[in-house]
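S.K.: need a 3D model of the following:
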Amino acid sequence: MSYKAPRLAHFKQAKACPACGNEFMPDNRAQVYCCLACRSKAAVNRQKERGGPVKLDMASPRSCCECGSLFSVDSIYASRAKYCSDECRVIAIRRDRKRFHDHNPSAQQLYNRARSFKLGGGDTLKERLYKRYPDLPKHCESSCCSVDDWRILEAAHRPGFERDGAHRVMKYYERHMFWMLCPNCHTYLDLKIKTPVELGLV
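M.R.: Below is the predicted model of the structure:
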């Protein structure tokens with residue numbers, strides 16, 4: 001097998017930027033413009049030549065929606081910019097958030113109530129069940145099982161109380177309607193591999 005010398009990276013040669021005329025070293029073969037600003041200017045010019053709508057005319061500055069100072073953008077991708085700096089954007093976001101909570105005083109309480117279930121991780125329904133039924137066992141209720149970690153337990157409906165695809169609302173989880181089982185025992189019950197009698201549930 002003949003040895004071939006590695007080809008030199010021919011794109012590592014100086015190019016002239018079509019927008020500003022300055023020479024630059026490209027980062028890859030496809031790079032045509034020296035910077036994002038030149039690429040954006042070229043995109044604006046192409047849109048003008050085609051007669052299409054121009055998203056952004058970078059030559060005309062705009063006024064900041066927060067402080068009112070004039071600023072300009074150097075990228076066509078920033079055509080929706082409304083603020084001159086991160087500081088102005090943060091001030092506007094905080095003001096809008098405060099206005100929302102002033103008009104919706106109970107929104108934060110509802111959010112905190114829902115968030116308290118998410119912080120514990122796992123099944124939020126299980127968290128509610130343990131709060132509703134403090135004496136709910138924290139081990140698998142099958143007498144054939146020795147799992148005692150409540151974090152992996154699941155609410156398995158007893159025969160005759162199946163949800164059949166209905167939403168997981170609390171009316172389907174009265175205490176006489178379900179057992180707390182480990183995932184294995186729950187699977188045995190759902191797939192009818194074992195009966196409740198064989199699992200020692202009745």
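S.K.: domain-wise, how is this protein divided?
M.R.: The chain breaks down into these domains under automatic domain parsing: 15-99, 122-190.
S.K.: burial of Gln108, as a residue count?
M.R.: By other CB atoms under 10 Å, 11 other residues sit near Gln108. C-betas here are computed from N, CA, C, even on glycine.
S.K.: looks to me like it is in a helix.
M.R.: Yes. Read with DSSP: H, G, I helix; E, B strand; the rest coil, Gln108 is one of the residues of a helix.
S.K.: surely it and Asp102 touch.
M.R.: No. At 11.0 Å, Gln108 does not count as touching Asp102 under the criterion of CB atoms under 8 Å.
S.K.: quick one: name whatever helix or strand follows the lowest-mean-pLDDT helix or strand in the chain.
M.R.: Between all helices and strands in the chain, the lowest mean by mean pLDDT, DSSP states H and E belongs to helix 107-119, at a mean of 68. Toward the C-terminus, helix 107-119 is succeeded by helix 124-132 as the next helix or strand (DSSP states H and E).
S.K.: give the other helices and strands that the helix of greatest length in the chain contacts.
M.R.: Across the chain, the longest stretch assigned as helix under DSSP state H is helix 86-103. Contacts defined by 3 or more CB pairs under 8 Å, 6 or more residues apart in numbering; DSSP states H and E place helix 86-103 against helix 107-119.
S.K.: sorry, back to before: okay, buried residues for the longest helix of the chain please.
M.R.: 88-89, 92 (16 or more other CB atoms under 10 Å).
S.K.: any chance of those in a markdown table, with distance to Pro134 and pLDDT too?
M.R.: Output for the buried residues of helix 86-103, formatted as a markdown table (distance: CB to CB, whole Å; pLDDT from 0 to 100):
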| residue | distance to Pro134 | pLDDT |
| --- | --- | --- |
| Cys88 | 51 | 91 |
| Arg89 | 47 | 88 |
| Ala92 | 47 | 91 |
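S.K.: chain center to the longest helix of the chain, what's the gap?
M.R.: Chain-centre distance of helix 86-103: 22 Å, with CA atoms, centre = their mean, to the nearest Å.
S.K.: returning to that earlier point: of the domains of the chain, which is nearest Leu199?
M.R.: Nearest of the domains of the chain to Leu199, taken as CB to CB: domain 122-190 at 4.4 Å.
S.K.: and the contacts of the longest helix of the chain?
M.R.: Contact partners of helix 86-103, identified using CB atoms under 8 Å, 6 or more residues apart in numbering, comprise 64-67, 82-83, 107-108.
S.K.: alpha carbons only: can I get that helix in PDB?
M.R.: The C-alpha coordinates for helix 86-103 follow below in PDB (Å, rounded to 0.1, in the frame of the first residue of the first chain):
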ATOM      1  CA  ASP A  86     -28.700  42.900  29.400                       C
ATOM      2  CA  GLU A  87     -29.300  45.300  32.300                       C
ATOM      3  CA  CYS A  88     -32.200  47.000  30.500                       C
ATOM      4  CA  ARG A  89     -33.700  43.600  29.500                       C
ATOM      5  CA  VAL A  90     -33.500  42.300  33.100                       C
ATOM      6  CA  ILE A  91     -35.200  45.500  34.500                       C
ATOM      7  CA  ALA A  92     -38.000  45.100  31.900                       C
ATOM      8  CA  ILE A  93     -38.500  41.400  32.700                       C
ATOM      9  CA  ARG A  94     -38.700  42.100  36.500                       C
ATOM     10  CA  ARG A  95     -41.200  44.900  35.900                       C
ATOM     11  CA  ASP A  96     -43.400  42.800  33.700                       C
ATOM     12  CA  ARG A  97     -43.300  39.900  36.200                       C
ATOM     13  CA  LYS A  98     -44.300  42.300  39.100                       C
ATOM     14  CA  ARG A  99     -47.100  43.700  37.000                       C
ATOM     15  CA  PHE A 100     -48.400  40.100  36.300                       C
ATOM     16  CA  HIS A 101     -48.300  39.200  40.000                       C
ATOM     17  CA  ASP A 102     -50.000  42.400  41.000                       C
ATOM     18  CA  HIS A 103     -52.900  41.500  38.700                       C
END
